[in-house]
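> Here is a sequence together with a model predicted from it:
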Amino acid sequence: MKKIKNPYAGTAEGMGYNCFACAPENPCGLKMEFFEDGEEVVCFWEPNPNFQGWLNTLHGGIQATLIDETGGWFISRKYQTTAMTTNLSIKYKAPVPIESKLEIRARLKEQKRSFVIMDITLTANGNLCSTAEATFYCFPKEKAEKEFHFKPYELEE
């Protein structure tokens, strides 16, 4: 398993990069980091009380953000382009305790032309808490580079 470099880290000034999910400089953000594990992209993340919904429970919207962002990084790493979420269907199976270690995993389910469909899971302390099917529309690489300032997502040494 190798860490995926965030190609935008340190570029908040001038580029407008301040992603709530993955910008390391966003003081209110989740500061997610990602790894490539074979055919999957995985994120390990620990919540804090600022992200709770019900008492000592991670907010469902934060779970959705974690799942959606992991899918986006899957596209960026595996397809080397950017994409937009067109559908996100989540099944919340169990509450996520605030004091837990999360693992979010995205894997390819199928591809239909420019649409990539993934299965994404969220576990807390090893227990399956949420499952999702996410569909992303992948932009052509030229458009991603010119209009969205896409940079390659490479692995750390």
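Received the coordinates, thanks.

> Quick one: the helices in the protein, in order.
Shown for the chain, the helices assigned by DSSP state H span residues 12-15, 60-79, 141-148.

> looking at these, which is closest to Gly53?
For those, proximity to Gly53 was assessed by CB to CB; helix 60-79 is nearest, at 6.1 Å. Glycine gets a C-beta too; all of them are placed from N, C-alpha and C.

> Can you check which of the helices of the chain gets nearest to Cys22?
When the helices of the chain are ranked by distance to Cys22, counting by CB to CB, first place goes to helix 60-79 at 6.0 Å.

> How many residues are close by the residue nearest to Cys22 when sequence neighbours are not counted?
Distance criterion CB to CB, 6 or more residues apart in numbering; nearest residue to Cys22, sequence neighbours excluded, is Met32 at 4.8 Å. Look at Met32: counted by other CB atoms under 10 Å, it has 21 neighbours.

> Next: the one 3 residues further on.
Other residues near Phe35 come to 18 when the count uses other CB under 10 Å.

> my guess is it meets Cys43, correct?
Yes. At 7.4 Å, Phe35 counts as touching Cys43 under the criterion of CB atoms under 8 Å.

> what residues are shared contacts of those two?
Contact with both Phe35 and Cys43 is made by no residue, according to CB atoms under 8 Å, 6 or more residues apart in numbering.

> hang on, the earlier thing: looking at the helices of the chain, which one is packed in the most?
Of the helices of the chain, the one with the most neighbours on average (mean count of other CB atoms under 10 Å) is helix 60-79, at a mean of 21.

> so where's this structure shaky on pLDDT?
The chain contains residues with pLDDT under 70 at 12-15.
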